[in-house]
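>>> Got a predicted structure plus its sequence, pasted below:
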Amino acid sequence: MSANTPTSLGASIRNGALSLGVFAIITAAAISLTYVAGSDAIAANKAAAKARALEAVMSPSLYDQSLLESPITLAHADQLNLVEHSLGYAAIKNDVAQGIVLPVVAKDGYSGDISMLVGLSRDGVIQGVRVLEHKETPGLGDKVERKKSAWIDEFIGHSLTNTSPDEWAVTKDGGLFDVFTGATITPRAVVSAVHKSLRYHEQQQSSFYPNTQAD
Ligand SMILES: Cc1cc2nc3c(=O)[nH]c(=O)nc-3n(C[C@H](O)[C@H](O)[C@H](O)COP(=O)(O)O)c2cc1C
């Protein structure tokens, strides 16, 4: 039979279609695998970034297991300007809660919400504060970012016990915490939100630290 007969033409079309089908299946499988691997990597990166942010505000002496693996649903989260079911993260050492990382949002910044993390020991002493997200003006309000200035570290060691309500304010308002040149609104908002998180922590003592007593 000649190479050009209808039968051999049909066979070659069938073979071509089959090859194309197999190629399409392999390509689709490869794309799916790449997508799954890519989203796994993105999720892993996000989790690692979150773990680093939590660790930045908590003393390593207060936990011996991953902060990320000890989430606590926050009751009355609206008091921290958070949505319902927002999470805090307990610092647990020797199976006992020694502190907590609380998210809090300041609504009274210069340009919108300022999202923060505040790390507290069980007795309400600040271990660290970080601003996670904000829209404050570069060169003015953005000095609340730790990578721009060390201002945010002024909070470390303060508590409701060693700092009076009047002192929980910026220096311009008679308080303890510095302002930035030409920018009072942003630090004022951050100080107020950190103070709020301390009062919330005090109210929630029994839910954060069941069966333990603060020293
Ligand atoms: C364009 C522009 C951007 C500003 N951005 C900020 C800012 O991000 N944070 C801030 O505290 N103040 C910012 N300010 C300055 C405030 O308007 C205000 O003058 C300053 O915070 C002092 O506030 P006080 O009068 O309450 O002390 C900005 C001002 C201008 C004109």
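Yes, it's here. Numbers count the residues shown, from 1 in each chain.
>>> burial measure for the closest residue to the ligand within the chain, as a count.
For the chain and the ligand, the shortest gap (CB to the nearest ligand atom) falls at Gly141, measuring 2.6 Å. Bear in mind the C-beta positions are built from the backbone N, C-alpha and C, glycine included. Residues within reach of Gly141, counting by other CB atoms under 10 Å, total 26.
>>> thought it was touching Gly182?
No. Using CB atoms under 8 Å, Gly141 is not in contact with Gly182; the gap is 9.6 Å.
>>> re earlier: quick one: the residue of the chain closest to the ligand and Gly88, what's the gap?
To Gly88, Gly141 is 26 Å away according to CB to CB, to the nearest Å.
>>> what about the closest residue to Gly141 other than its chain neighbours, which SS state?
Counting by CB to CB, 6 or more residues apart in numbering, Thr186 is the residue found nearest to Gly141 once chain neighbours are left out, at 3.3 Å. Put simply, Thr186 is helix when judged by DSSP: H, G, I helix; E, B strand; the rest coil.
>>> Run a quick neighbour tally on Thr186.
Neighbourhood size, Thr186 [other CB under 10 Å]: 27.
>>> Might you report the residue contacts of it?
Taking CB atoms under 8 Å, 6 or more residues apart in numbering, we find Thr186 in contact with 109-110, 114, 134, 136, 140-141, 143-144, 180.
>>> one more time with 6 Å
Counting by CB atoms under 6 Å, 6 or more residues apart in numbering, Thr186 touches 109-110, 136, 141, 144.
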